[in-house]
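Trainee: Prediction below, plus the sequence it came from.
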Amino acid sequence: MSEPGTHYLNEGWTLRSWLLTTDHKRIAWMYFATITVFFFIGGLAALLIRLELLTPAGEMVESDTYNKLFSAHGIVMVWFFLVPSIPATMGNFLLPLMLGARDLAFPKLNLLSWYIFTLGGLFTMTAVIAGGVDTGWTFYTPYSTLFSNSAVVLAASGVFVVGFSSILTGLNFIVTTHKMRAPGLTWMRLPLFCWANYATSLIMILATPVLSMALLLIVLERVLGIGIFDPELGGDPLLFQHLFWFYSHPAVYIMILPGMGVVSEIITCFARRPIFGYTGMVISIMAIALFGFIVWGHHMFVAGQSLYAGILFSFFTFLVAVPSAIKTLNWTATLYGGRIRFTAPMIYGLSFLGLFTIGGLTGVILASLAVDIHLHDTYFVTAHFHYIMVGGMVTAYLGGLHFWWPKITGRMYSGPWSIVAALALFIGFNLTFFPQFLLGFLGMPRRYHAYPEEFQLLHVMSSLGAGVLAVGYLLPMVYFGWSLWRGKPAGDNPWDATGLEWQTSSPPPKHNFVDTPTVTTRPYDYV
Amino acid sequence: MSDGATIASHFEDAEQQREAGLMGMWLFLATELLLFAGLFGGFAIYRGLHGDAFAAAARHLDLPLATANTVILLTSGLSMALAERMAHAGAPQLARRWIAVTVALGASFLAIKGYEWHHEYSEGLMPLLGLAFEYDGPDAAQAHLFFDFYFAMTGLHALHMLIGLAALVLLWMLGRPRAGLQPDRYIRQVQITGMYWAFVDVVWVFVFTSLYLLRS
Amino acid sequence: MNPATRTLLLTWAALLAVLAMSVAVALLALGPWSIALNLGLALLMGGLLVANFMDLLSAKPLIRVFALGALLWVFLLFVMLPVDYLTR
């Protein structure tokens, strides 16, 4: 097929060989490059927000500009980084490898997803350049439809377009998982990473269209002047929130399930233990995906939703904590008696475990109706979801990148520096967001660019933490870049891990495997 | 050429490829279903909140014309299903003929729909782009809301029809008698397009029922 | 006539019959009964289309599971959404 020494990276060097590729591994790289750009754009907005909040008076930016900053931060980070982060990069790269397949089921569709993603990104970036959008990432009506003078249509269109990219990716993953598994790879032998991406894909195809409709109605209301959410006509602005959260709450699980999959791979490998309670883990993943759809009303406890609906949604929200807790306890039990190696991926994995636990438990606090009346729209909520999305997903994303980098590039990165980066992330993250729990509890509301002086100490701590966190993000860029150029060859299986992806060469050949592998054992067959 | 020629390199056999394509289309239609579900969910809520106003507004629509249109669309569903049957039976040229019938029926549906829209426009029942809304019944504001849904639903459906028609025309051109025609590939394409077309029918049944029939 | 073709023609005839019934129900204006009947008949028509024109009846079990799953999700939306409005 191909000569020895050729792999997917050195097969062609032209720009065309990248832009028109249908190889899932190259498309993963294209996503990786794109979302990294978005991550740093969103990060820049966060940096400006934290600088502004160093002092109580709103000195650096106007409140209008501040609104645009946190909106840009939210929109970019949620839809252009977190949602595609693990599925579109590592999922794209690894799912066929883990399944023993030569590619995803629809390679051209996969390339199309990337182009749609980029197109959506251009829309939203145009919106930012055209003066920004000030509705927050949630586009709540009637503000977004009747009052906001900012570039709502462009930004919402961008998110609408990008939705199709996640739908197509999800569709591709589901069909691939059903139809392309290697001989002997039964469902109960699938690595949890595959299960997690499968569940994520289900959410993507079932929830995203409802968001698309909600955004489409906003765009139609602003462009054509139809008034479906207009209270003067008898329309209900809360209906938008219902439709929005029907997607966006499950989307929270789009933003955490793949991370859980990554962490399951890392923890088993570096504890040298099979996963504790595999079946329980699988059931939990699927249960989270299902329950995720019936808890959306907990975003609307104080928005004017009926009390009885609130009680129902609160109950289901408590319920969703059960599978999450099962997963956390199973990871902990996996560590028990293991021979733990503290490599960089493992430090990220363990950070995830701790940060996700805090994020999850504070979620239970917020799910209580009475407590939420005090805490809603405060920094407590901000801290809670950052613990899940940054502490959970971004940590897992970096952990996965460190874990599979040798497979993806064939090169090793610096061991000591990567440990420094992992620790910087953990310390910087906690310093940034733990004070925000306290701020929220003391009554500091979200989305304000000025605040009373007694909150300054905690805000300064948070801003300093953001600086440390930035080091944790920038450092990997440096040593990853260095490793591409000067890194030691990694070998096919540097971590001595199980899983089909480690059985092929690093970097893998174009069609992944020289011979289609056959699976005879359960996953995580560590002694 | 044998069967093997049309199998993409990442599939093991034709069966795997065919099933993957079908499954992909079903999943895509699941997505489409949820897209419309968002719109219908909103409509259902408002139908409950403003029942009388919506029923009165529904009586302003042209039921006979819409019923005729429904018959046309259901018949186009039949002709498309027959096209699939012919493709499966190894008669791509007969399939093409039924596809042409489907295109004709679909185009007439859109033409009638366009006439209906024009009629509503001239009656002052089109509250779009700042046009005046001249409604003669009570609850004009809620009727405005009804017509917002009317144009959103029928418009979105018509957009799906246009996409379907484009796919059918493409299919008609691809199937012309020529050397490179790959029969099994053509069957797959006809089947997948046929599913989409039938789905657009399903959506119309619910659009028609919600907007035209709930009048009391 | 080929049995598959006959099924299609019968389905089409049934669809037109149900459509006629549905329009009649709407014109009779039975109040809330009309709404319930119209929705039921619409579901029947949708079911006929999906079963025979989209070939769900002859599809593989897995495909049927997918179709049911999609319906379940619509059901989730349609059950949970009115909870708020009915109890407000």
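Mentor: Structure's in. What do you need?
Trainee: near chain A, which residues of chain B?
Mentor: B:8-10, B:16, B:19-20, B:23-24, B:27-28, B:30-39, B:41-42, B:45-46, B:49-50, B:53, B:127-130, B:141-142, B:144-145, B:148-149, B:151-152 (C-beta under 8 Å from any C-beta of the partner chain). For every residue, glycine as well, the C-beta is placed using N, CA and C.
Trainee: List only buried entries from these.
Mentor: B:10, B:16, B:19-20, B:23-24, B:27-28, B:30-39, B:41-42, B:45-46, B:49-50, B:53, B:127-128, B:141-142, B:144-145, B:148-149, B:151-152 (16 or more other C-beta atoms under 10 Å in any protein chain shown).
Trainee: Please tell me how far residue A:303 sits from chain C.
Mentor: From residue A:303 across to chain C, the span is 10 Å (C-beta to the nearest C-beta, to the nearest Å).
Trainee: one step back: of the residues of chain B next to chain A, which belong to helices?
Mentor: B:16, B:19-20, B:23-24, B:27-28, B:30-39, B:41-42, B:45-46, B:49, B:53, B:141-142, B:144-145, B:148-149, B:151-152 (DSSP state H).
Trainee: domain ranges for chain C?
Mentor: Domain assignment for chain C by automatic domain parsing gives C:1-57, C:58-88.
Trainee: Adding mean neighbour count, mean pLDDT and distance to residue A:252, write the ones you listed out as TSV.
Mentor: Conversion of the domains of chain C to TSV gives the following (neighbours: other C-beta atoms under 10 Å in any protein chain shown; pLDDT from 0 to 100; distance: least, C-beta to C-beta, whole Å):
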stretch	mean neighbour count	mean pLDDT	distance to residue A:252
domain C:1-57	17	91	32
domain C:58-88	16	91	16
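Trainee: Need the per-residue pLDDT for residue B:1.
Mentor: Residue B:1 is assigned a predicted lDDT (pLDDT) of 33.
Trainee: Show me which residues of chain A are close to chain C?
Mentor: Near chain C, when you scan chain A using C-beta under 8 Å from any C-beta, you find A:178, A:206, A:210, A:238, A:242, A:246, A:293-294, A:296-297, A:300, A:305-309, A:312.
Trainee: Using ChimeraX, define a selection of the buried residues within those.
Mentor: Buried subset of the residues of chain A next to chain C, written as a ChimeraX selection, criterion 16+ other C-beta under 10 Å:
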select /A:178,206,210,238,242,246,293,294,296,297,300,305,306,309,312
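Trainee: Filter the residues of chain A next to chain C down to just the ones in helices.
Mentor: If you go by DSSP H, the residues of chain A next to chain C have A:178, A:206, A:210, A:238, A:242, A:246, A:307-309, A:312 in helices.
Trainee: Enumerate every residue touching residue B:141.
Mentor: The contact partners of residue B:141, taken as C-beta atoms under 8 Å, 6 or more residues apart in numbering or on different chains, are A:232-234.
Trainee: Kindly report the same for residue B:16.
Mentor: Residue B:16 makes contacts with A:179-180, as judged by C-beta under 8 Å, 6+ apart.
Trainee: Repeat the analysis, applying 7 Å as the threshold.
Mentor: Taking C-beta atoms under 7 Å, 6 or more residues apart in numbering or on different chains, we find residue B:16 in contact with residue A:179.
Trainee: per-residue confidence for it?
Mentor: Model confidence at residue B:16, expressed as pLDDT, equals 86.
Trainee: And it, how far from chain C?
Mentor: 13 Å.
Trainee: Thank you kindly, that will do.
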